[in-house]
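Peer 1: can't give you the sequence, but here's the structure:
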């Protein structure tokens, strides 16, 4: 519901950019799993 509201207010492009930033590891640039919040590349555990 929150995602839909964000897209409605800000547009799909802004939502996709937000998600990219949220799920990109700040240490190595890998992808952070939404399931265990762990980076696919360096295995670092991300904080919530």
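Peer 2: In hand now; what should we look at? Since we're looking at a predicted model, the values are computed, not measured.
Peer 1: Can you report how many residues lie near the closest residue to residue 32 other than its chain neighbours?
Peer 2: Closest residue to residue 32 apart from its sequence neighbours, by C-beta to C-beta, 6 or more residues apart in numbering: residue 23 at 4.6 Å. Every C-beta, even on glycine, is put in place using the N, C-alpha and C of the backbone. For residue 23, the count of nearby residues is 16 (other C-beta atoms under 10 Å).
Peer 1: Residue 32 now?
Peer 2: Neighbours of residue 32 under the rule other C-beta under 10 Å: 19.
Peer 1: going forward can the numbers begin at 11, since that is how I track them
Peer 2: Done: numbering now begins at 11, and the last item shifts to residue 42.
Peer 1: Please list all residues in contact with it.
Peer 2: Counting by C-beta atoms under 8 Å, 6 or more residues apart in numbering, residue 42 touches 32, 33, 34, 35, 48, 49, 50, 56.
Peer 1: Thanks a lot, see you next time.
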